[in-house]
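[1] please work out how this folds:
(chains A and B)
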Amino acid sequence: MEKRVTFKGWLLPLCLIAPQVLVSAVFFFYPAGQAVWQSLFIPDPFGLSMQYVGLGNFEYLLSDPYYRASFLTTAIFSTLVTLCSMVPALFLAVVADRLIKGAGVYRTMLIWPYAVAPAIAGVLWLFMFNTRVGVVSWYLGHLGYDWNHVLNGGEAMGLVVVASAWGRISYNFLFFFAALQAIPKSVIEAAAIDGARFWRRFWTIVLPLLSPTTFFLLVVNIVYAFFETFGVIHTITSGGPQQSTTILVYKVFSDGFVGQDLGSSAAQSVILLVVVGALTIFQFKFIERRVHY
Amino acid sequence: MTQYNDPPPGMVERRGASLWLSHVIMIGGVLIVFFPIWLAFVASTVTQPEITQPPMPLWPGDQFLANYREALLSGVNVPVATMLFNSLVMAMGIAVGKIIISLLSAFAIVYFKFPGKMIFFWLIFLTLMLPVEVRIVPTYEVVAGFGMLNSYGGLILPLIASATATFLFRQFYMTVPDELAEAARVDGASPMRFFRDILFPMSRTNIAALFVILFIYGWNQYLWPLLITTDPSMNTIVMGIKQMFPSGDDTANWPVIMATSILAMIPPIIVVISMQKLFIRGLVDSEK
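    Model (predicted):
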């Protein structure tokens, strides 16, 4: 990471790096340290003093059936979101890659949802499936299916999964499409000359060549499902019914701000911190030099 | 990238029926992906009774001007025009702020040797790991302690504390030929002169691509503004929409809410579509 040619002096570089270090220290390291610190205490009922409980908050959390349920919910949710956003994207990218003309137009049309905020996506899907005015739920009702995500946990989960996956299809499509376009056509042609038909070529050549992209997208989409879907869940279900859509990040919010249980919320932050750390290290270990937003 | 000629038609099965099928699939995919946005647009152009007596029409009505005027000028809690302005300030603040501090810190890390450099580098690197969602409660307390609730500073600063952009510029600076810095030094140019006249102009495409990504990131923030803007006049549009739903059993004012949703999408969509090439390059290059 060193340049062969560097400038002299140490005051200037310190001044240059100062803004970033300052902002990180005040809004990142101090709060993160606070989270670790607070996770070791419980406040008394009047909020006047803090009592040291060691790892008590963690022990309590790990034995709390609601928290365990939230872990399971998060696992199911992020698996489904990742699948529902990657499989259609790969399918569309493979189809688009076969087109010589028009692929660019389709790409432009498919980019739109990427720009739509998760919370807005939540509002759009809530509108379609609203139990009173929703178009889709109305037609489902006419087909004899009584849609009610307000009461039915499974339907609520389905709705937040689809609303979260929707915008990600664009994102994944862009990556798969770029990766497909980068596969040398000569490789495909050679296989075609040898008599391999489309699906055989796809399974034996294209998919293995896509594996770095696929793996990268897998990690990025899991991180997305964990941390960036708060808006979708808050707008559509608020974690309900009966906590059936309360993912871990949502629980940090609801315990910390709605329930005012600071110790527990801080302990949850620390657990999440470990999860993100593990995911990030995993990602950097396997895909060097890749940075996610 | 090497250019490969397309194979002669027929060799890789791009024939009649298959070609048509591909187009049909793509058009179908686009329509399905597009449908929620279309429905929101239709809902923003009809009257409330047309929506509350399902099924609502699937073709736009004639209330476009009335609904958008109502949303922009009066809204539900606060005029949407105010929320749009707040979102714009927040998104621009995050994008510009992050780009400026990252350009400078990456310059320091790549082009200087100074005491503690590795420590700073790793401190910055660590911030890559932790989205604001994870540390919301303590970060909220810090911002509240500074008295920055309901302020633009409180909206912007905590979200600037991340190293993604720093990393990107560092990556880019490493590819800049050493001879340029050497020549600048031989000619007696100061480091800042080198930065201003050579490095900055060379970074322009990267800056633009990053701007698109950061603008969308800032515009689409939800949880953070939800926590720290308790005053409706400081709401951003993305988080403000949820506040437009009535609590309890009252019927939501759907045409105005959907008009607001459309308004909330327009700026990021314009940015993405108009800077598509740069954006895709920034996204695919930066993340690979």
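[2] stretch A:167-179 near chain B anywhere?
    Yes - contact of stretch A:167-179 with chain B is found when judged by Cβ under 8 Å from any Cβ of the partner chain, involving A:169-171, A:174-175, A:178. To be clear about C-beta, it is placed using only N, CA and C from the backbone, and glycine gets the same treatment.
[3] of the residues you listed, closest to chain B?
    Lowest distance from chain B to those (Cβ to the nearest Cβ) belongs to A:Ala178, with 4.9 Å.
[4] what helix or strand is that closest one located in?
    For A:Ala178, the element it lies in under DSSP states H and E is helix A:153-182.
[5] try A:Met86
    Taking DSSP H and E as the definition, A:Met86 sits inside helix A:65-98.
[6] just want the angle from that helix to helix A:153-182.
    Between helix A:65-98 and helix A:153-182, the angle formed by their directions is 40 degrees, by axes from the mean of the first three to the mean of the last three Cα atoms, to 10 degrees.
[7] what sits against B:Gln276?
    The neighbours of B:Gln276, taking Cβ atoms under 8 Å, 6 or more residues apart in numbering or on different chains as the test, are A:108, A:111.
[8] the helix holding A:Ala178 packs against which elements?
    In terms of contact count using 3 or more Cβ pairs under 8 Å, 6 or more residues apart in numbering or on different chains; DSSP states H and E, helix A:153-182 is assigned the packing partners helix A:65-98, helix A:103-115, helix A:118-129, helix A:207-227, helix A:230-236, helix B:16-43, helix B:276-287.
[9] what sits against the closest residue to chain B within the stretch 151-293 of chain A?
    Per Cβ to the nearest Cβ, the residue of the stretch 151-293 of chain A with the smallest distance to chain B is A:Gly231, at 3.6 Å. The neighbourhood of A:Gly231, defined by Cβ under 8 Å, 6+ apart, consists of A:117-122, B:220, B:222-223, B:238-239.
[10] now A:Val133, what's its secondary structure?
    Of the three states, A:Val133 takes coil under DSSP: H, G, I helix; E, B strand; the rest coil.
[11] gap between it and chain B?
    Computed as Cβ to the nearest Cβ, to the nearest Å, the A:Val133 to chain B distance reads 5 Å.
[12] that residue and B:Pro54 touch, don't they?
    Yes - if you go by Cβ atoms under 8 Å, A:Val133 and B:Pro54 touch, sitting 5.5 Å apart.
[13] between the two, who's got more neighbours?
    More neighbours surround A:Val133 than the other of A:Val133 and B:Pro54, with 22 against 16 (other Cβ atoms under 10 Å in any protein chain shown).
[14] what's the pLDDT at the more buried one?
    Note for A:Val133: predicted pLDDT of 86.
[15] same deal with B:Leu227?
    The predicted local confidence for B:Leu227 comes out at a pLDDT of 89.
[16] quick one: low-confidence residue ranges for the chain.
    Looking at chain A here, since you left the chain open. For chain A, the stretches flagged by pLDDT under 70 are A:1-2, A:4, A:44-48, A:283-293.
[17] sorry, should have said chain B
    Low-confidence regions of chain B, defined by pLDDT under 70, span residues B:1-16, B:128-131, B:133-134, B:248-249, B:281-288.
[18] let me see the backbone angles for the closest residue to B:Met244 other than its chain neighbours.
    By the measure of Cβ to Cβ, 6 or more residues apart in numbering or on different chains, the closest residue to B:Met244 outside its immediate chain neighbours is B:Val76, 4.1 Å from it. Phi and psi for B:Val76, reported as degrees, to the nearest 10, are phi -110, psi -60.
[19] right, and B:Val76 touches B:Lys242 too?
    No - in this structure, B:Val76 is not within contact of B:Lys242 by Cβ under 8 Å, at 10.8 Å.
[20] in three-state terms, label A:Thr246 for me.
    What three-state DSSP gives for A:Thr246 is coil.
[21] now do the closest residue to it other than its chain neighbours against A:Ala69, distance only.
    On the basis of Cβ to Cβ, 6+ apart, the spatially nearest residue to A:Thr246 that is not a chain neighbour turns out to be A:Gly239, at 3.9 Å. Here A:Gly239 is placed at a distance of 11 Å from A:Ala69 (Cβ to Cβ, to the nearest Å).
[22] next one: stretch B:186-201 to chain centre, how far?
    31 Å (Cα atoms, centre = their mean, to the nearest Å).
[23] what's the end-to-end length of that stretch?
    Separation of the first and last residues of stretch B:186-201 by Cα to Cα, to the nearest Å is 20 Å.
[24] contact partners for the residue nearest the centre of chain B?
    The central residue of chain B, meaning the one whose C-alpha is nearest the mean C-alpha position (Cα atoms, centre = their mean), is B:Ile216 at 0.8 Å. Neighbour list for B:Ile216: A:114-115, B:91, B:268, B:271-272 [criterion: Cβ under 8 Å, 6+ apart].
[25] tell me the two of those residues that are most distant?
    Farthest apart among these by Cβ to Cβ are A:Tyr114 and B:Ala91. That separation is 15.4 Å.
[26] neighbour count winner among the two?
    Under the criterion of other Cβ under 10 Å, the comparison of A:Tyr114 against B:Ala91 puts B:Ala91 first, with 25 against 21.
[27] please report how far that one lies from chain A.
    With the distance defined as Cβ to the nearest Cβ, B:Ala91 ends up 11 Å from chain A.
[28] and if you look at B:Pro255?
    11 Å.
[29] quick one, phi psi at the closest residue to A:Gly154 other than its chain neighbours?
    For A:Gly154, ignoring the flanking residues on the chain, the nearest one in space by Cβ to Cβ, 6+ apart is A:Ser244 at 7.7 Å. Recorded main-chain torsions at A:Ser244 are phi -70, psi -10, according to degrees, to the nearest 10.
[30] for A:Gly134, same thing?
    Dihedral angles of A:Gly134 (phi, psi; degrees, to the nearest 10) stand at phi -60, psi 140.
[31] burial measure for it, as a count.
    A:Gly134 sits with 23 neighbouring residues when counted by other Cβ under 10 Å.
[32] is it in contact with A:Phe127, as I believe?
    Yes - proximity of A:Gly134 to A:Phe127 meets the contact threshold set by Cβ under 8 Å, at 6.5 Å.
[33] could you dump the contacts of A:Gly231 to TSV with distance to A:Leu262 and neighbour count?
    Supplementary listing: those in TSV, determined by distance: Cβ to Cβ, whole Å; neighbours: other Cβ atoms under 10 Å in any protein chain shown:
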residue	distance to A:Leu262	neighbour count
A:Ala117	29	29
A:Pro118	26	25
A:Ala119	25	30
A:Ile120	31	31
A:Ala121	31	28
A:Gly122	27	28
B:Asn220	28	25
B:Tyr222	22	25
B:Leu223	17	24
B:Val238	27	30
B:Met239	23	25
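[34] and B:Val89, how far is that from chain A?
    Spatial separation of B:Val89 from chain A under the definition Cβ to the nearest Cβ is 16 Å.
[35] next, count neighbours for that residue.
    Other residues near B:Val89 come to 16 when the count uses other Cβ under 10 Å.
[36] how about A:Leu61?
    By other Cβ under 10 Å, the residues close to A:Leu61 number 23.
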